[in-house]
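# Sequence and predicted model, in that order:
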Amino acid sequence: MDAVTQGILLIADPTNIALIFISVLIGVLVGALPGLSSPMAVALLLPFTITMEPVPAIAMMAALYCAGTFGGSITAILINAPGAPPAVATAFDGYPMAKRGEAGRALGIAAVSSISGGIISLFIFLLATPLLARIATSFRPMEYFALAVFALSMLASISGKSSLRNLIAGAVGVLLGTAGIHLTTGVERFTFGVPELTEGVSFVPVLIGLFAMGELLNQSQAAEKTLEVIKAVVVKLPSRDDFRRIWGTILRSSGIGTFIGVLPAEGATVAAIMGYNEARRWSKRKEEFGTGCPEGIAGPEAANNAATGGAMVPTLALGIPGSATTAVILAALIMHGFRPGPYLMKETPEFVYAIFCAMLVANVMFLVIGLAGAKVFSRITLIPRTFLWPSVFVFSLIGSYSYGASVFDVWVMLVAGVIGFLMLRHGFAPAPLVMGLILGKLVEESFSQSMILLDNRWWRLLESPIVDLFFALTALSLCWPLISSQLHKRKRGADAAAETTGR
Amino acid sequence: MINRTDVGVAAILLVVCAALYYTTTGFEEVSPLFAQDMPPERFPRMLLWVIVALTLALPFERALRKEKGKVLDKARSKPIQPIVYMTAVFLVLSVFSIQWIGTFLVLVLVCIGLPLLWGERRLKILVPYVVVFPAAVMLLFTRVLGVYFDPGVIGLELF
């Protein structure tokens, strides 16, 4: 209980509250702007927080993560241009509702569903993190290796265009993580005589390059595009009838979102799509979906924000990122000298509870900010891209430089940007590469330690039931695209047969 | 059956993997006792084999996924526009000039050059943007966050 109180006190500091407020503001703005994403914003925020104390630094990132997820729904509803990928499903019903003159109602439903999902998942985070951390303290290097392999296999189904390309990107990320001095032998690997590479590839410039620069080059092709001008909107809280219709959907989607968030690598986008599909499946008014149905907004919004709390669980308890944004937060934790994983909960529980409080405060703040300022935030899309993206470059340049006060890092950021652009063009998502890079050290260290402990007899890995479980899950997650397509085929066949019989 | 663009992508990846594999042969040799039977090249080589195995499937993915595979061609259906190359060259030149003109002037250059390159002609917005934005960013990083920036050969420091 002491740790909880300490965590609350750490966040209750007025400076920290002010910093969380600023982060929420930035998060909603970033979320609302198509092209700018939460991982990009958190990566750009990282250099600002390096000189800060760890609590406000991580609290700012966590707050930005929550608010960024909600911010995307504003433009999804008002102009059918989801500001962030997790808001794609919100546009399916949000935009039709706005088109029939009920934009304020749609925004109100989105805000209330989002905060409900966020808060429910935070309480699950509060209960699950210590529990998972306690289980993980008994893990030996073998179990950690199997867990990391499972997390990497989950990259196959991370939102993107291709499982195969996600896995390649993830493996390339792990390979990138091997650059620098080998811990066991002290031998330099892949340094190519560059002294700056002896300590390995810095996370910050790679993150900024992949998320921000890649998108900048992509956006240069559409610089002259302007978005629709938004009419004035007055946000309305959901009526009693709306509440009656959506509460079940909110609860269900919050559960789905939290579960998806807890799974390594799966983030808010997958959660939102599943939240929408499940809302439709359970609805008595299926035919209304796609025409501006309240459940169609509540489902994805509750799920995508619930995934943020869920994603923090494996990040903090196991040191395995739950999503692309938490991968960046994990990198920040490492830079601030923490060891994410079970020992974080054991040694500094007050820190974990402080993050929980920061996210809770952020959820309440974005409800207020989102409701009061939706009209202003929706106009943010009017910022010309010809000024927005040069500003992103300025922050990217300064951000990647300031981490190590080295121009070399700026070059790394530029190279990562060009690679990120080419990856996006050929269907490779940058998030798996980032996750691979961050998990790389854990994978290699746990593998080496396991092999040393097992006298290089790798088959002895299977003697541990936990390892067997993780390997079985790995096999399942790798085969899931095939299984799921077979299940879909079978379902379509059954539906068609039922239709024919019905006739 | 085989997608030509993906053959190109796979070929590049395989060449890079081969080059990196060759690099691992040049890693310093360590006695097995010291390396505890985990030589420095083992793990990277394992990863390279995994990447190669996955890459070999790449050219067939488009065809195997049939209709769903179309999504892979969406972003690359049109050739890369010249503006992308121009932007990339401009960014590279900007970073290269840090050592000569210093970070602050590079930021000013970016704030003028990139909007103009992307077709921005509204001077009423451009001028205040160029005057205020780079100065504000420098102020924040140098004064508030205490970061030291390279003034370059010219030696111009704003703060």
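Cool, got the structure. A quick note: this is a predicted structure, and the numbers were derived from the prediction, not measured. Residues are numbered from 1 along each chain as shown, chains lettered A, B, ... in the order given.
# elements contacting the helix ranked longest in chain A?
In chain A, assigned by DSSP state H, the helix with the most residues is helix A:465-502. Where contact means 3 or more CB pairs under 8 Å, 6 or more residues apart in numbering or on different chains; DSSP states H and E, helix A:465-502 is packed against helix A:141-154. Using the backbone N, CA and C atoms, a C-beta is placed for each residue, glycine as well.
# what is the orientation angle of the helix it packs on with helix A:465-502?
30 degrees (axes from the mean of the first three to the mean of the last three CA atoms, to 10 degrees).
# Touching helix A:141-154 from outside, list them.
Residues outside helix A:141-154 that contact it (CB atoms under 8 Å, 6 or more residues apart in numbering or on different chains): A:139, A:167, A:170-171, A:174, A:263-266, A:314, A:318, A:320-321, A:435-436, A:439, A:442-443, A:445-447, A:449-450, A:453-454, A:461, A:464, A:466-467, A:469-471, A:473-474, A:477-478.
# does the helix or strand just after it come close to chain B?
Downstream of helix A:141-154, the first helix or strand assigned by DSSP states H and E is helix A:163-177. Yes: Helix A:163-177 reaches chain B (CB under 8 Å from any CB of the partner chain) through A:164-165, A:167-168, A:171-172, A:174-175.
# Which of the residues you listed sits closest to A:Ile355?
Nearest to A:Ile355 among the residues of helix A:163-177 next to chain B is A:Val174, at 26.6 Å by CB to CB.
# quick one: contacts for the closest one?
A:152, A:436-437, A:439-440, A:443-444, B:47.
# Are any of those buried, and if so which?
Neighbour-count burial (16 or more other CB atoms under 10 Å in any protein chain shown) applied to these gives A:152, A:436-437, A:439-440, A:443-444, B:47.
# Now do the longest helix of chain A and helix A:163-177, the angle between them.
Orientation of helix A:465-502 against helix A:163-177 (the same axes, to 10 degrees) gives an angle of 160 degrees.
# OK, contacts around the nearest residue to A:Leu388 once chain neighbours are set aside?
Distances taken as CB to CB, 6 or more residues apart in numbering or on different chains put A:Leu33 closest to A:Leu388, at 7.1 Å, once the chain neighbours are dropped. Neighbouring residues of A:Leu33 by CB under 8 Å, 6+ apart: A:75, A:83, A:380-381, A:383, A:388.
# Make TSV out of these and add secondary structure and pLDDT.
TSV is the format used below for these (DSSP: H, G, I helix; E, B strand; the rest coil; pLDDT from 0 to 100):
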residue	secondary structure	pLDDT
A:Thr75	helix	78
A:Gly83	coil	73
A:Ile380	helix	70
A:Thr381	helix	69
A:Ile383	coil	79
A:Leu388	helix	87
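# And A:Arg460, how far from A:Leu442?
According to CB to CB, to the nearest Å, A:Arg460 and A:Leu442 sit 20 Å apart.
# Between these two, which is the more surrounded one?
Between A:Arg460 and A:Leu442, counted using other CB atoms under 10 Å in any protein chain shown, A:Leu442 has the larger neighbour count: 22 against 15.
# coming back round to it: can you select the buried ones from the contacts of helix A:141-154 in PyMOL?
Buried residues within the contacts of helix A:141-154, by 16+ other CB under 10 Å, are selected in PyMOL with:
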select buried, chain A and resi 139+167+170+171+174+263+264+265+266+314+318+320+321+435+436+439+442+443+445+446+447+449+450+461+464+466+467+470+471+473+474+477+478
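# for the chain, what are the low-confidence residue spans?
You didn't say which chain, so I picked chain A. Within chain A, the stretches with pLDDT under 70 are A:1, A:157-160, A:223-234, A:265-266, A:378, A:381, A:501-503.
# My question was about chain B, not that one.
In chain B (pLDDT under 70), the answer is B:1, B:35, B:155-159.
# related to what we said a few turns ago, format the contacts of A:Leu33 as CSV; extra columns: distance to A:Arg252.
Shown next, in CSV, are the contacts of A:Leu33 (distance: CB to CB, whole Å):
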residue, distance to A:Arg252
A:Thr75, 26
A:Gly83, 25
A:Ile380, 32
A:Thr381, 31
A:Ile383, 37
A:Leu388, 37
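# hmm, which of the residues you listed are the buried ones?
Burial by neighbour count, judged by 16+ other CB under 10 Å, picks out A:75, A:83, A:380-381, A:388 from these.
# Which of these sits closest to chain B?
Of all the buried ones among the contacts of A:Leu33, chain B sits closest to A:Leu388, with 9.9 Å by CB to the nearest CB.
# any idea how far A:Val24 is from that closest one?
20 Å.
# do the same with B:Pro128
The gap separating B:Pro128 from A:Val24 is 27 Å, by CB to CB.
# Equivalent analysis for A:Lys99, please.
A:Lys99 is 29 Å from A:Val24, where distance means CB to CB.
# circling back: of all the contacts of A:Val174, which comes closest to A:Ser402?
Nearest to A:Ser402, judged by CB to CB, of those is A:Leu437 at 20.1 Å.
# Which secondary structure state does that closest one sit in?
helix (DSSP: H, G, I helix; E, B strand; the rest coil).
# wouldn't it be in contact with A:Ala171 here?
No: shown here, A:Leu437 and A:Ala171 do not form a contact pair, counting by CB atoms under 8 Å, at 10.9 Å.
# tell me which element the most centrally placed residue in chain B is part of?
Nearest to the mean C-alpha position of chain B, by CA atoms, centre = their mean, lies B:Ala88 at 9.7 Å. Element membership for B:Ala88 (DSSP H and E) is helix B:82-96.
# what helices or strands is that helix leaning on?
Packing contacts for helix B:82-96, counted by 3+ CB pairs under 8 Å, 6+ apart, involve helix A:214-219, helix A:385-404, helix A:407-425, helix B:98-117.
# Redo those as a markdown table? Include distance to A:Pro349.
A markdown table is the format used below for the helices and strands packed on helix B:82-96 (distance: least, CB to CB, whole Å):
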| stretch | distance to A:Pro349 |
| --- | --- |
| helix A:214-219 | 37 |
| helix A:385-404 | 29 |
| helix A:407-425 | 34 |
| helix B:98-117 | 41 |
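# Indicate which one of the ones you listed is closest to A:Leu482.
So among the helices and strands packed on helix B:82-96, helix A:407-425 is nearest, using CB to CB, at 24.2 Å.
# ok and that closest one relative to helix B:98-117, angle-wise?
Using the same axes, to 10 degrees, the direction of helix A:407-425 lies 30 degrees away from that of helix B:98-117.
# Contacts made by helix A:407-425 with the rest, please.
For helix A:407-425, the surrounding residues in contact (CB under 8 Å, 6+ apart) are A:169, A:194, A:196, A:201-202, A:204-206, A:208-218, A:396-397, A:400-401, A:403, A:429-430, A:433, B:75-76, B:80, B:84, B:88, B:91-92, B:95, B:98-99, B:150.
# Stretch A:255-270 vs chain B: in contact?
No: judged by CB under 8 Å from any CB, stretch A:255-270 stays clear of chain B, getting no closer than 14.8 Å.
# measure that stretch end to end?
13 Å (CA to CA, to the nearest Å).
# Please enumerate the helices of chain B.
Taking DSSP H, the helices of chain B run over residues B:4-25, B:32-35, B:42-64, B:71-74, B:82-96, B:98-117, B:123-139.
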